[in-house]
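A.B. asks: Generate coordinates for the sequence data below:
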Amino acid sequence: MNGDAGKVFAHGAAPRCKRYAYLSYNGSQIVLLNRVGVGTGADPTYSFGYSGAGFNNLVLQDGASPDIHTYGGGIGTGTYSPDGRDVSPLAAPATLFNTPRTTLDGTFGGMNPNGQWTLFVADVSAGGGQTAVTSWSLDITAVPEPAATAGVTAGLLLLLTAGRRLQKH
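C.D. replies: Numbers count the residues shown, from 1 in each chain. Got it, this is the predicted structure:
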């Protein structure tokens with residue numbers, strides 16, 4: 001997996017709760033959702049995240065704008081950047097916002113994508129609704145390695161040069 005090559009699609013998730021989700025593969029993981037919409041400072045209204053109706057057709061992709069924390073409550077749809085901060089969902093909101101982010105590519109870049117991927121989703125609040133993901137998928141776009149591309153290009157140029165020399169004789 002290289003470049004802006006990964007997207008995670010989810011349908012149906014966790015109404016009115018502290019949502020937490022991560023994607024793992026080959027011993028590495030990235031946090032996708034961590035108390036989406038959590039408030040800080042003078043607005044503690046959403047100290048555990050939005051109390052919206054969950055997600056429907058959510059896409060998480062590196063470099064997407066806006067940030068998943070700004071979806072606004074209600075039913076979250078559209079394309080957003082994943083959370084990317086490896087912080088306990090029970091930690092204070094300030095801890096969440098003071099932690100640097102990772103990306104899908106930064107976590108899984110350069111790995112062979114063939115194998116078992118795991119999506120973990122939880123409601124870590126007491127009470128609230130049920131967490132249910134009705135479907136999910138992972139879209140990986142293969143990006144050729146520069147060395148392989150250079151080798152193929154050099155081979156083609158060599159064949160082209162040899163073919164021209166044969167034509168001149």
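A.B. asks: phi, psi of Ser135?
C.D. replies: Dihedral angles of Ser135 (phi, psi; degrees, to the nearest 10) stand at phi -170, psi 160.
A.B. asks: how about low-confidence regions in this protein?
C.D. replies: Residues of the chain that meet the criterion pLDDT under 70 lie in 1-18, 37-54, 72-75, 125-131, 143-150, 159-160, 162-169.
A.B. asks: mind redoing it with 90?
C.D. replies: By pLDDT under 90, the weakly predicted segments of the chain are 1-22, 32-83, 85-99, 109-114, 119-169.
A.B. asks: Tell me where it has helices.
C.D. replies: With DSSP state H, the ranges of helices along the chain come out as 93-97, 104-108, 146-168.
A.B. asks: Would you check that Pro113 makes contact with Asp139?
C.D. replies: No. Counting by CB atoms under 8 Å, Pro113 does not reach Asp139; the two are 10.5 Å apart. Just so you know, the C-beta spots here come from the backbone N, C-alpha and C atoms, and that holds for glycine as well.
A.B. asks: Please say which of the two ends up with more neighbours.
C.D. replies: Pro113 (16 against 11; other CB atoms under 10 Å).
A.B. asks: what is the spatially closest residue to Val121 that is not a sequence neighbour paired to in the beta sheet?
C.D. replies: Nearest non-adjacent residue to Val121, counting by CB to CB, 6 or more residues apart in numbering: Ala21, 4.4 Å away. Note on Ala21: beta-bridge partners by DSSP bridges are Leu33, Val121.
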